[in-house]
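> how does the following fold in three dimensions:
(one chain, ligands or ions: 2)
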Amino acid sequence: MKHDPLFDLAIDAMQAAYSPYSQFPVGAAIRTSKGTLFSGCNVENAAFPEGTCAEAGAISAMVRAGETQIQEIYVVGNGDKLVSPCGGCRQKIREFGTAETRVHICGPEGIRKSVTLNDLLPLSFGPDHL
Ligand SMILES: O=c1ccn([C@H]2C[C@H](O)[C@@H](CO)O2)c(=O)[nH]1
Ligand SMILES: [Zn+2]
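Ligands and ions are numbered 1, 2, ... in the order given. I've put the predicted structure just below:
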């Protein structure tokens, strides 16, 4: 089966990851409501808490380009387990997504599980609350 180009972009991003401490490269790729694609990788740091997640990198690229609406996001890791976005990333995706925003959790072979943002972060707090 042919992959969505967004999956290939997430794989590309994973290959650029800087993860010497965890040896756990992650890539993320966003499709916005306008159809533009953005990607990011995790970037770790010798001061461990300063590392950033792949999803955060992709969101940063999107905002830098002047876009703020995530339609779907692919997250890919290369281990056996599901690389489900961490709690902080769920909230970051929430800022620019909706309850229905699709999150595709992938391995190198393709999508392993597709869920909505609401599945990952029910009863969430967002910009509409302020
Ligand atoms: O969804 C995730 C989960 C983990 N990581 C990164 C953070 C850290 O660099 C490494 C191990 O936790 O994986 C991400 O980028 N995204
Ligand atoms: Zn994260």
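> got a list of contacts for stretch 73-91?
Stretch 73-91 has contacts (Cβ atoms under 8 Å, 6 or more residues apart in numbering) with 4, 6-7, 9-11, 13-14, 24-31, 53-56, 58, 93, 97, 101-108, 111-113, 117, 120-121, 124-125. The way it works is simple: take the backbone N, C-alpha and C, and place the C-beta from them, glycine included.
> how close does the spatially most central residue of the chain sit to Asp80?
Taking Cα atoms, centre = their mean, the centroid of the chain lies closest to Glu55, which sits 3.4 Å from it. Per Cβ to Cβ, to the nearest Å, Glu55 is found 20 Å from Asp80.
> can you give me the helices for this protein?
Under the criterion DSSP state H, helices of the chain are mapped to 5-15, 54-64, 87-96, 117-120.
> buried ones in the shortest one?
What that stands for is helix 117-120. Buried residues in helix 117-120, counted by 16 or more other Cβ atoms under 10 Å: Leu117, Asn118, Leu120.
> any low-confidence regions in the chain?
Within the chain, the ranges that satisfy pLDDT under 70 run 1.
> kindly report the residues of it close to ligand 1.
Residues of the chain lying near ligand 1 by Cβ under 6 Å from any ligand atom: 19, 22, 24, 26, 42, 44, 51, 53-55, 75, 83, 85-86, 89.
> of the residues you listed, which is the most crowded?
With neighbours taken as other Cβ atoms under 10 Å, the top of these is Ala54, carrying 31 neighbours.
> okay then, goodbye and thanks.
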